[in-house]
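J.: how would this look folded up:
(2 chains)
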Number of protein chains: 2
Amino acid sequence: MQNYYAGSPLNRLSYLRSVPSFLASALESPKAKFIALDSLQPLCKDDKDGVRRLHYLKWKDVKDLVGPDPKHVFHGVDGKNEADVPDMAVLGKPQQMQFRKAKVGELSTAEKREYFLNQPALVFLGVDERSAPESAKSLPVSKPDENSTLETHSPHGDPFWAIDVTTFKHLKKRIMLDHGGAKFMELRSGAQTMPNEEASIAAEARSLIDWNTRNRFCPACARPIRSVWAGWKRSCIPGEPASDGAEAEPACISRKGVHNFAYPRTDPVVIMAVLSPDRERILLGRQRTWPARFYSCLAGFIESGESLEEAVRREVYEEAGIVIGEVGYHSSQPWPFPSSLMFGCWGVAESATADGDVRVDLDNELEDARFFTREQVLEVINSTKPMQLSREQVARLDGKEGAGASEGVEEAKEKAKSEGSFLMPPATAIANTLVTAWATGKLFNQHPSGVSSSPAAPAAHKM
Amino acid sequence: MQNYYAGSPLNRLSYLRSVPSFLASALESPKAKFIALDSLQPLCKDDKDGVRRLHYLKWKDVKDLVGPDPKHVFHGVDGKNEADVPDMAVLGKPQQMQFRKAKVGELSTAEKREYFLNQPALVFLGVDERSAPESAKSLPVSKPDENSTLETHSPHGDPFWAIDVTTFKHLKKRIMLDHGGAKFMELRSGAQTMPNEEASIAAEARSLIDWNTRNRFCPACARPIRSVWAGWKRSCIPGEPASDGAEAEPACISRKGVHNFAYPRTDPVVIMAVLSPDRERILLGRQRTWPARFYSCLAGFIESGESLEEAVRREVYEEAGIVIGEVGYHSSQPWPFPSSLMFGCWGVAESATADGDVRVDLDNELEDARFFTREQVLEVINSTKPMQLSREQVARLDGKEGAGASEGVEEAKEKAKSEGSFLMPPATAIANTLVTAWATGKLFNQHPSGVSSSPAAPAAHKM
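T.: Sure, this is the predicted structure:
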């Protein structure tokens, strides 16, 4: 089962993220495609059928931002030594930074700080190799070294990049002039019409740019951090003082060993179809800030020191007061707001499934939760038009609006009760996948025989 | 299937982490149990049979560190307002900090910084309610408010806490004097003999103390952060300058909206039994730093913007050059080094399963990977004594020793080849679970009927 935001066609080639020669050739390639993001909104363009597509920029559109010579952009990508920090003239040159000095070493502490904190975030996403002729679909013939290039490792690949342009007004103005009709669009509200493949690329871009731009200082030593490994690692800078008043601070603990905070964060979440003991009814709940009559599956972050199955049981117990027995896994979905991975599960209640037994006053996450019959759910699935949420409604789903958005909820609850009718998340959300799979008898038995060799989902990087 | 480090008996009561009255009563309760950690090593004691057990401290053992009055320890647990920062006299009073001032507001910027950075990490882990009589096993009668206590919400629960004592030499000395035979022990090397239930509690404690102690500064603004929500949230302090030279810096972005970096990090990992197309052989690999003849399942971190299944395919492709078709989920395991969650999967190779087809020179993570027959694997499973790794061997498995540890590997490889014999991870690792499940015909069909109501694993918080 492949959910929306999954199914990317890109081969990430993660082992080449630390190879400067490869990255440089992938940057200046005429085949390179750049996704520009402004406040995490990717540059898009709606086609004549109203379908939202990513609008890719070329190297010439962004090279002023990155620096004229791609060979130097990724010099010292491992970030371990101070000597790795290249001359400032060639790494990132945002318009507003004109220190008029040639080398990083000549900057004052305050200038250095400003310089590193204003580097534009640039992330290598992978290559699209689908245009390769069948005869060329083989693994690279040599292992990566200092001479590796796009030509040696992915001769038929189109390199994909993400770049944050938020603070570069001049560049944004020029993009708008040069690319008529293109606009920076909220990924989530546009998701309903964007083809899955592009949405999955946009998901990777959004999560990585978010991580690079929100994490500016080392959590262990407070020094500014710089991007290494083409956006897939962030590392504090040795020799750079944590603050003006602390020149003599000891080396950061992150300079020794492996530290998870140096790598992009992915937050695992459980989301579950909770079923009555006879599996004929499903539990759905709603938060008070959600749009009226909107119900969805229960969900929550997996915590340290618990298994997937234990997280399902804890969340259902805390949110609805219901004890779960058997738990199974169905499918997963990357959710780039900002960087979650949803594990779609099912769980069977052991007791307490009359409406009066459901308790939402333990953690007070939900304002209502109750069991729906298969008939009620099928009615909604079959009648609902594809739901296009407004920006305001998306904000409510994200809980950004606070309690003020709950007006009309009581009324809507009464309405939903009497009509037996409600709203569900759109098909692009895994909650919809789970509810629909249950209602149509396809929730269990993902691998019925255990001997079938047909893939459950398309392989990502078939050669 | 329940793996080691899962199966905790604790009810985490996560919705009470922000309720000061509850936390205070759970802190000073005579039933409270404290796990002290020194450099992430929990205090343990081996019993007369050589079984390693957690050695719990009481409130009286640690109250000097936390502050004499538990009612004030969690004052202002939401950390949103400067007014929430309590008088320093009552929140944390490590021996080495004697500013001789009564209120935080009277401290200089440098003193404030030192004060907040030296708070001892204290984490509420949950309550053990298994001693409750059957008649008392019901949900709390009231929702939490400012009068909630241990008595109102878990009258039969024993509260569990974790506390970091690393920097408090005086306290450690006293603990050693008062608790003869107790020692701070490496969780991983001791894991082989520690009962599963205690190991699962220790896992939660280790991950949370690690997160609290390694994350000292806000990654968005570089200000010192303080612990809120009883160790489950870390939040920068408004009004506290980022550095001495930056008094006028704007408010941190983390003061608005929800930011994942304020919450404990859990890193999802895929680990997989990779099978030949006929499912009769299994792919195992070894890193060059591992102990000689040691082979295990392939594994890697799940990245942003990919599903569980896609991560399995990418990792196997990058580490061994093999294309995977069908993928299934088996079970999961919390892995508290420092805070991973292992998703145990299986995947079936679509081609390239002769030894010559396996490629380890793409990402160079492995020095060798090859397929083993069921017979070879069963021989190892049936012959291996429970493996007790030395501290040095554990360090090698963690890759801390670098390439220097690979001496003898070539020789061992030849030996393994000729003998068909090798070493596997111990039963406490999910890699062993997966390999054993495959070899004994139990890898597939976790939920064969889809209608059984017997739990796949014990429910965590049965009432």
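
J.: switch to C-alpha atoms for all contacts and neighbour counts from now on
T.: OK.

J.: tally of neighbours for A:Ser339?
T.: 24 (other CA atoms under 10 Å in any protein chain shown).

J.: Contacts only, for it.
T.: A:Ser207, A:Arg265, A:Thr266, A:Asp267, B:Ser304, B:Gly305 (CA atoms under 8 Å, 6 or more residues apart in numbering or on different chains).

J.: what do you get for A:Pro268?
T.: Contacts of A:Pro268 by CA under 8 Å, 6+ apart are A:Phe301, A:Ile302, A:Ser340, A:Leu341, A:Met342, A:Phe343, B:Thr266, B:Asp267, B:Pro268.

J.: ok, and the most crowded of the contacts of A:Ser339?
T.: B:Gly305 (29 neighbours).

J.: if we can go back for a sec, now, which of the contacts of A:Pro268 sits nearest A:Lys60?
T.: A:Lys60 lies nearest to A:Ser340 out of the contacts of A:Pro268, by CA to CA, at 33.2 Å.

J.: quick one: that closest one and A:Ile302 touch, right?
T.: No - taking contacts as CA atoms under 8 Å, A:Ser340 lies outside contact range of A:Ile302: 10.6 Å.

J.: Quick check: neighbours shared by the two?
T.: Between them, A:Ser340 and A:Ile302 share the contacting residues A:Asp267, A:Pro268, A:Val269, judged by CA under 8 Å, 6+ apart.

J.: Just to be sure, the last one is in a strand?
T.: Translated: A:Val269. Yes - looking at A:Val269 with DSSP: H, G, I helix; E, B strand; the rest coil, it is inside a strand.

J.: pLDDT value on it, please?
T.: On the pLDDT scale, A:Val269 is placed at 98.

J.: give me the number of residues near the nearest residue to it once chain neighbours are set aside?
T.: Take A:Val269 and drop its neighbours on the chain: the residue closest to it by CA to CA, 6 or more residues apart in numbering or on different chains is A:Phe301, 4.2 Å away. Applying other CA under 10 Å, we find 18 residues neighbouring A:Phe301.

J.: Identify the residues contacting A:Phe301.
T.: So A:Phe301 contacts A:Asp267, A:Pro268, A:Val269, A:Val270, A:Ala311 (CA under 8 Å, 6+ apart).

J.: any chance of those in JSON lines, plus distance to A:Leu54?
T.: Listed next are the contacts of A:Phe301 as JSON lines, based on distance: CA to CA, whole Å:
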{"residue": "A:Asp267", "distance to A:Leu54": "25"}
{"residue": "A:Pro268", "distance to A:Leu54": "27"}
{"residue": "A:Val269", "distance to A:Leu54": "27"}
{"residue": "A:Val270", "distance to A:Leu54": "29"}
{"residue": "A:Ala311", "distance to A:Leu54": "36"}
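
J.: farthest-separated two in those residues?
T.: Maximum distance among these (CA to CA): 13.1 Å, for A:Asp267 and A:Ala311.

J.: Identify the contacts common to these two.
T.: Contacts common to A:Asp267 and A:Ala311, judged by CA under 8 Å, 6+ apart, are A:Phe301, A:Ile302.

J.: that older thread, sort out for me which of the contacts of A:Ser339 are in strands.
T.: With strands taken from DSSP state E, the overlap with those comprises A:Asp267.

J.: where along the stretch 301-450 of chain A do the strands fall?
T.: A:324-335, A:340-349, A:368-373 (DSSP state E, counting those that start in this stretch).

J.: Mean confidence (pLDDT) on the longest one, please.
T.: Spelled out, it's strand A:324-335. 96.

J.: Parallel or antiparallel, list what pairs with that strand.
T.: strand A:340-349 (antiparallel) (DSSP bridges).

J.: Also the last one?
T.: In the sheet containing strand A:368-373, the strands it pairs with under DSSP bridges are strand A:281-286 (antiparallel).

J.: quick one: contacts of the partner strand?
T.: Contacts for strand A:281-286 (CA under 8 Å, 6+ apart): A:273-276, A:294-298, A:366-374, A:435.
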